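Colleague: what's the 3D shape of this:
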Amino acid sequence: MCRIHRAAWVVASLLAWAACAWAEGPPQTIAVLPFEIHDTSGEVGSPTRHDAMLAALTRLVGEKIEASGLYRVVPQPRVDSAVASVNSGTFLRSCNGCEIDIARRAGADAVLIGWFWKVSTLIGSLHIEIKDVASGRTVYARVFDFRGDNEKAWQRAAEYMVGTLSNARRGAASPSQGQ
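Modeller: Purely as a prediction, here's the structure:
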């Protein structure tokens, strides 16, 4: 029984240390990688029909994070250049660590990987993961369910995400997952 308590104490201590280290202050800079889409809706249409909305979502998330004072956001052209030089054409959300290399090339302390999963025109989810570049560990990960496949719905999801990130950074209890 003592071993179980000791193991639980060690795990709790490590989690508390990680939370405190993250809450003490954000890394100075973050690279917001271009958002991607995973469309399993089966809807007919051009495979590039969401490109403008994804670019707008990437830009909006960067602007909101910068405005919140959570991070200084690396300029998108520098991030895009790093993506082009490192990524071999795979999805950034599953590129086996290339996101860390991209962030290093862009000169960032943290990296945000985001993607939208479109289930249907009505149902979607925004997936976010932020990693510390020095350690490679995930410091924030959430999934936000929302309704609507349009710019307004995506914008609301992004704004809500930045709000929960702000709450997490301040150590406040974050709202339940989803929206």
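Colleague: in space, not sequence, find me the middle residue of this structure.
Modeller: What sits nearest the mean C-alpha location of the chain, by CA atoms, centre = their mean, is Ile128, with 3.0 Å.
Colleague: that one pairs with what?
Modeller: Note on Ile128: beta-bridge partners Gly114, Arg142, judged by DSSP bridges.
Colleague: so Ser166 is in contact with Ser68, correct?
Modeller: Yes. Using CB atoms under 8 Å, Ser166 makes contact with Ser68 at a distance of 5.3 Å. Yep, even glycine has a C-beta here, placed from its N, CA and C like the rest.
Colleague: can you give me the helices in this protein?
Modeller: Here the chain has its helices, by DSSP state H, at 2-24, 51-68, 76-86, 98-106, 151-169.
Colleague: surely the residue nearest to the centre of the chain and Thr138 touch.
Modeller: No. Between Ile128 and Thr138 there is no contact under CB under 8 Å: 10.4 Å.
Colleague: Met161 and His127 touch, don't they?
Modeller: No. The criterion here is CB under 8 Å, and Met161 misses it with His127 at 9.8 Å.
Colleague: more neighbours: these two, which one.
Modeller: Applying other CB atoms under 10 Å to Met161 and His127 shows that Met161 carries more neighbours, namely 24 against 18.
Colleague: from Ala134, how far off is the more buried one?
Modeller: 24 Å (CB to CB, to the nearest Å).
Colleague: repeat for Ala82
Modeller: From Ala82 across to Ala134, the span is 17 Å (CB to CB).
Colleague: same check, this time on Tyr71
Modeller: Plainly put, Tyr71 is 15 Å away from Ala134 if you go by CB to CB.
Colleague: again, but for Leu60
Modeller: For Leu60, the distance to Ala134 (CB to CB) stands at 27 Å.
Colleague: count the residues that sit near Arg137.
Modeller: The number of residues packed around Arg137, counting by other CB under 10 Å, is 10.
Colleague: can you check the pLDDT for it?
Modeller: For Arg137, the model assigns a pLDDT of 95.
Colleague: which non-adjacent residue is nearest it?
Modeller: Lys131 (6.6 Å; CB to CB, 6 or more residues apart in numbering).
Colleague: residues in contact with that neighbour?
Modeller: If you count contacts by CB atoms under 8 Å, 6 or more residues apart in numbering, Lys131 has them with 99-100, 103, 110-111, 113, 137-139.
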